Each structure stands twice: as structure tokens, then as C-alpha cells.
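[1] need coordinates for the following:
(one chain, ligands or ions: 1)
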Amino acid sequence: MTTPASPPLSPRGGSATPVLSLASEAYPLVKTGGLADVVGALPAALGEHGYLLTTLLPGYPALAPMIRGGREVHRWPDLIGAEARLVEASLGEHALLILDAPALFGRDGGPYGDTGGRDWDDNWRRFAALARAGAEIAGGVVPGYRFPLLHAHDWQAGLAPAYVRALDLPVKTVMTVHNIAFQGRFDLSLFPALGLPDWMASIHGVEYYGALGYLKAGLQAADAITTVSPTYAREIRDPTFGMGLEGLIATRAASVSGIVNGIDPAVWSPAADAALPARYTAATLDDRTVNRNAVETTFGLAPADGPIFTVISRLTWQKGMDVLVDLLDDLVASGGRLALLGSGDKSLEAAFLAAATRHPGRIGVRIGYDEALSHLLQGGADAILIPSRFEPCGLTQLYGLAYGCVPVVARTGGLADTVIDANEAALAAGVATGIVHDGVTPDALRHAIRRAIDLYARSDTWRRLQRNGMAADFSWRESGRRYASLYHDLMEPA
Ligand SMILES: Nc1ncnc2c1ncn2[C@@H]1O[C@H](COP(=O)(O)OP(=O)(O)O[C@H]2O[C@H](CO)[C@@H](O)[C@H](O)[C@H]2O)[C@@H](O)[C@H]1O
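    Just a heads-up that it's a prediction; the model follows:
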């Protein structure tokens, strides 16, 4: 069905085409990972192309001040079993709708689980409510609002395209996969509570290997599917990366595309970063030394000649942290140091802390989540290690490139698409930006770390790597254009 060509109703007026972006996190309001960065940056990226994105977010406690200061525009007495209201708010230029449902979202802990990291038992209800609200809002349930296009991010928004279909709404849908490993699987017995038509309890709807699959539902129902890099878009057709969804992705191949993430220059720019003791550009890279010294002090590293590696990551198997942690004695013996910021699997956290105890002055570990510290590390460390087994796009290598913190990455997903290995040909051609290794094995990673240490010793070559990375364009310009073109094609098919 084609969207009627009626003039778009824009909540802020004007002639921009309204799009509802639906997600469980958005920087700077709530962030547990890269999803938030992307959802937070898309409105500005698409604004340049005539689309006005409004982001619908759950009313977590962190949003309480905005809920208090916002304007109620709708109420649901029973949204998947909970009372809810919709509050209009904004953060600077970023238009927001907040789903205020205290029974679902008004609780301490993270967006998905309690303070101990245990998933909430009712996540199925919380994110079904978010998705149902999103579909209804896009369809026009709230006076003054209608969105001809709904853009759903990850499994938490995955049911939204299914609701659009079930309610037969004149809304086009895009499902973006930031990580196919997280799928939102729940017991099939919960299906009746979702309020979807019976036929959707099948493989053609939300059923998935005898369970409910929220991401699966979105992939099945959406008009278009995107993921966050071209390589990952190809990889997820393969069982190694598709995590059981490869068949569906392959079936829908004509509707799947990969659009690499950009970075938000308002947040990630070494020339204007308030979190850095010294701001710098490619022309003033010597000034980075001040930040490097701050990294040494903060992480208790003793001055030395070799490079300071950093890791800023969830400490998980996906990120290859189990392989890296076993190589740290070698990294130190080869002349490297490490400043790590991360949290995740308890056994990995303990293993990194043990390595720091074994190598005082050479390895510093900060377990936790610290946005400002992540900026200091990008602005002061020499190289960032990202040995991911799979990486849909990856943002920390992009921040590394922009900050002259040379990325050392596995050749997978978006890492393969954004870092050019410093082999002799690429060095000679002046295009190398980092070090890329094949496979996440101890040998491959050890070799990559040693290559980085050797290259670092060739200070002119290292400078060139830094400058090449800093000159590369990972702004949202091109990716924003590609999303805009997708939106356009969906709403006004040729
Ligand atoms: N301890 C810590 N303290 C402070 N900041 C920390 C931190 N640990 C991580 N971060 C920050 O969190 C973000 C993580 O970004 P990634 O691209 O690695 O995404 P992630 O795997 O979460 O998400 C998924 O979605 C994104 C977005 O599409 C994809 O790029 C990615 O491949 C996919 O796995 C970065 O902004 C990083 O600086």
C-alpha cells in the first residue's frame, strides 16, 4: 500500500516529513551501548534531508524531569495491561515522545534489568507496550501527530512493524538491526497478551522456533530492513552470523541493506571535546601528549616508550575479550601498556583485574561505565583494540579514527568496512588507517598487537596513520543521505 500523499503533519510545523524513530535508548538521555549513539544522532543526520525525526522512548526514571516538564498528549487506560500516557518533550532540537508508564518503566536499575544485571521478567510486556504505542502513534491515534514512516531499532522495537501490519495502518516501516545476537525471545504462551491476530502466532508473524521472537517479528513485517554496515548485511545471511535468523534474512535479501553508522561531531570531535584536558587537530597532534599523560595518571601507568593500548567495551565473548585477556602478559612483555574501561561478564572483569595486579604500572583497569573517561582514552591512548568476533558496525573504531587513536581490529562487519590495514601497499599509497587481523585467535591477535608496537616505533609512519584516520570522513553526511533515500523510496515508490 502506498502512503497517501497528504501533507505531512509535523509536530513542530514546517514542511519536513515526520518520521517516528522507536528505540529503547538514545544518547544523552539513556545509553548502554552504541544503539544510543546512533538513535541520538539520526535526527540531526536526517534533518538535513527534509525529515523530522521524533524519537519515542520509554519513560525511565532518568527521563523524569522531561516527563514533568513535558505536555501530555495522550492516555492509554490499558496498553498491554498497563496504564500509560504519552508526553511530548524535546532535548534541544531533538523532538521526543515519552511513554510514561510507571508500572513498566518507573523502576531503579538499567533499561533492561535490575541493578544486579538480571533482565526484568516483564520485558516482553514493557517492549510490546512500547511497540504498540509506536504503531498507534504513527497511525494517528494522537491528534496532531501522524507519521507516514516508523523506524524501529533492535528487538525492543521489533513488534512495532508487526502491530502496523496487524492494525493495517498506512505507515511504512524500517527495521534496523544493530546486533542480531539480541533477539527478544519470550515464551509463546504470552502471545494472547500481545493483542495480535491469531495468524501472527505462526512463522509468518512473531513465532520463532517455538517461541516469540520480537526481532524476528520486525524482520518479517517491516517494509525495509537495514543493518549498520554493508559487510554485516552480507554476513547475517550466513549461519555463523545470522544466529538462527539467516534464513529469514536471506528470504528478504531484496529488502535488506547495510548503512554504516556515522559519528556525531557535536559529541566526538577532538578539537572541541570538553572531556579532554588538551584539545587538538591533525595539525597539533603533539598536544595529545597532555591527554596521554592524563591517561597514565588516571590508570596508574608508569611512563615508558611503547604504545598505550586502550579497550573501551562491553567485556563479552562478542568483543573477543576472552582472547585478549590471555594475551596481556605478551602485550606487556612486548613493550605495550593497557588502559581498559569496560564492564560485562564477571569472569572477564576478574581476569582483567588480575592482569592489572600482575602488571602494576603497565596495565590499568577501570570496571564500570564512564562516558567522560571514554573520551579521555580516545584522546590520549595510542591505539584501541577491538578484536570482535562479530561487529555489526562498531563505533569505537570510528571515534579512534577521529581522535588519532589508531584502531587495531578484527576483519569483520563494520570494522572491515571502516579500517584500512597498514600493509606496505596501503602505507605506500598513503591510505592506511589502522591494523586489521583475520580471525580472533590468539596468534592473529598477538601478531596484530606486535605489529602495532613495531609501527608505533616508526614515529613518522604512526603519525601518518593517525592523520589518515583523522582525515577520513565518518560524519553522518553520506549515511544520512542513504537513510533519506531509503525513506523516500518507501514513501514515494517510483
Ligand atoms: N565502559 C564504558 N564506558 C563508557 N562508554 C562505553 C563503555 N563501553 C562501551 N562504551 C561506549 O558504548 C558504545 C559502544 O559502541 P559499539 O559500537 O561498540 O556498540 P555495541 O556493541 O554496544 O552496539 C551495537 O550497536 C552499535 C550501533 O549500531 C554497533 O556499532 C555495534 O556494532 C553493535 O554491536 C560506544 O559509544 C563506546 O564508547
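[2] would you mind listing what in the stretch 101-250 of the chain touches the ligand?
    Within the stretch 101-250 of the chain, the residues that sit near the ligand (C-beta under 6 Å from any ligand atom) are H178, N179, V228. Using the backbone N, CA and C atoms, a C-beta is placed for each residue, glycine as well.
[3] of the residues you listed, which is the most crowded?
    Most neighbours among those, by other C-beta atoms under 10 Å: V228, with 26 neighbours.
[4] if I pick that one, what's in contact with it?
    V228 is in contact with V38, T176, V177, H178, G258, I259, V260, N261, P392, C393, G414, counting by C-beta atoms under 8 Å, 6 or more residues apart in numbering.
[5] do you know how far the nearest residue to it once chain neighbours are set aside is from the ligand?
    Nearest non-adjacent residue to V228, counting by C-beta to C-beta, 6 or more residues apart in numbering: C393, 3.6 Å away. From C393 over to the ligand the distance is 3 Å, taken as C-beta to the nearest ligand atom, to the nearest Å.
[6] for T298, same thing?
    13 Å.
[7] any idea how many residues pack against T357?
    Applying other C-beta under 10 Å, we find 10 residues neighbouring T357.
[8] and it, that one's in a helix?
    Yes. Assessed with DSSP: H, G, I helix; E, B strand; the rest coil, T357 lies in a helix.
[9] stretch 23-39 near the ligand at all?
    Yes. Remark: stretch 23-39 sits within contact range of the ligand at G33, G34, L35, D37, V38, by C-beta under 6 Å from any ligand atom.
[10] and for the first one, the neighbour number?
    This means G33. Neighbours of G33 under the rule other C-beta under 10 Å: 15.
[11] pLDDT score for the closest residue to it other than its chain neighbours?
    Nearest residue to G33 in three dimensions, chain neighbours excluded: R314, at 6.7 Å (C-beta to C-beta, 6+ apart). The predicted local distance difference test score for R314 is 97.
[12] with the one 5 residues further on instead?
    Looking at K319, its pLDDT stands at 98.
[13] got the residues of the stretch 301-450 of the chain near the ligand?
    Within the stretch 301-450 of the chain, the positions adjacent to the ligand are 312-314, 341-343, 369-371, 374, 391-396, 414 by C-beta under 6 Å from any ligand atom.
[14] let's go with 5 Å and repeat that
    Within the stretch 301-450 of the chain, the residues that sit near the ligand (C-beta under 5 Å from any ligand atom) are I312, L341, G342, Y369, D370, S374, E391, P392, C393, G394, L395.
[15] among the residues you listed, which are located in helices?
    In this view, these that belong to helices under DSSP state H are S374.
[16] got the residues of the stretch 301-450 of the chain next to the ligand as TSV, with distance to L455 and neighbour count columns?
    Shown next, in TSV, are these (distance: C-beta to C-beta, whole Å; neighbours: other C-beta atoms under 10 Å):
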residue	distance to L455	neighbour count
I312	21	25
L341	24	22
G342	25	22
Y369	31	16
D370	29	15
S374	24	19
E391	22	31
P392	27	29
C393	25	26
G394	21	31
L395	23	25
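[17] ok, and the closest non-adjacent residue to L490?
    The shortest distance from L490 to any residue other than its chain neighbours is 4.3 Å, reached at K172 (C-beta to C-beta, 6+ apart).
[18] give me the neighbour count for the one you found.
    Using other C-beta under 10 Å, K172 is surrounded by 26 other residues.
[19] which strand residues bridge it?
    Listed beta-bridge partners, K172: L149 (assigned using DSSP bridges).
[20] would you enumerate the residues in contact with it?
    By C-beta under 8 Å, 6+ apart, the contact list for K172 reads T3, P148, L149, L150, D223, A224, L490, M491.
[21] how many other residues sit next to the fourth one?
    Using other C-beta under 10 Å, L150 is surrounded by 29 other residues.
[22] same question, the last one
    Neighbourhood size, M491 [other C-beta under 10 Å]: 19.
[23] residue contacts, it?
    Each residue near M491 by C-beta under 8 Å, 6+ apart is listed here: T3, T17, P148, L149, K172.
[24] and the gap between it and the ligand?
    As defined by C-beta to the nearest ligand atom, M491 lies at a distance of 23 Å from the ligand.
[25] quick revisit: okay, and which of the residues of the stretch 301-450 of the chain next to the ligand map to strands?
    Among those, the members found in strands (DSSP state E) are I312, L341, G342.
[26] hang on, isn't the second one packed against A372?
    Pointing back at L341 there. No. Between L341 and A372 there is no contact under C-beta atoms under 8 Å: 10.5 Å.
[27] got a pLDDT number for G414?
    98.
[28] repeat that for P7.
    Per-residue confidence (pLDDT) for P7: 33.
[29] repeat for the one 10 residues further on
    At T17, the model reports a pLDDT of 96.
[30] so what's the backbone phi/psi at it?
    Per-residue torsions, T17: phi -80, psi 120 (degrees, to the nearest 10).
[31] for L212, same thing?
    L212 adopts backbone torsions of phi -90, psi 140, taken as degrees, to the nearest 10.
[32] tell me where the stretch 201-350 of the chain has helices.
    Listed from the start of the chain, the stretch 201-350 of the chain has helices (DSSP state H, counting those that start in this stretch) covering 214-221, 230-235, 239-242, 246-251, 288-299, 321-325, 328-333, 346-358.
[33] what does the stretch 51-200 of the chain give?
    Under DSSP H, counting those that start in this stretch, the stretch 51-200 of the chain gives helices at 64-69, 102-105, 123-139, 159-166.
[34] could you export the longest one as CSV, CA atoms only?
    Listed next in CSV are the C-alpha coordinates belonging to helix 123-139 (Å, rounded to 0.1, in the frame of the first residue of the first chain):
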residue,chain,number,x,y,z
ASN,A,123,10.5,-7.2,29.4
TRP,A,124,8.1,-8.9,27.0
ARG,A,125,5.3,-6.6,28.2
ARG,A,126,7.4,-3.5,28.5
PHE,A,127,8.6,-3.6,24.9
ALA,A,128,5.4,-4.8,23.5
ALA,A,129,3.8,-1.8,25.0
LEU,A,130,6.5,0.5,23.5
ALA,A,131,6.0,-1.1,20.1
ARG,A,132,2.2,-1.0,20.2
ALA,A,133,2.3,2.7,21.3
GLY,A,134,4.7,3.4,18.5
ALA,A,135,2.5,1.8,15.9
GLU,A,136,-0.7,3.6,17.1
ILE,A,137,1.0,7.0,17.3
ALA,A,138,2.4,6.6,13.8
GLY,A,139,-1.1,5.6,12.6
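[35] that helix to helix 214-221, inter-axis angle?
    30 degrees (axes from the mean of the first three to the mean of the last three C-alpha atoms, to 10 degrees).
[36] run the chain-centre distance for helix 123-139.
    21 Å (C-alpha atoms, centre = their mean, to the nearest Å).
[37] any idea how far I363 is from A302?
    According to C-beta to C-beta, to the nearest Å, A302 stands 11 Å off from I363.
[38] show me which of the two is the more surrounded one.
    Taking other C-beta under 10 Å, A302 and I363 do not tie; I363 has more neighbours (26 against 9).
[39] mind listing what that one touches?
    By C-beta under 8 Å, 6+ apart, the residues touching I363 are L301, L328, V332, R337, L338, L340, F352, A355, A356.
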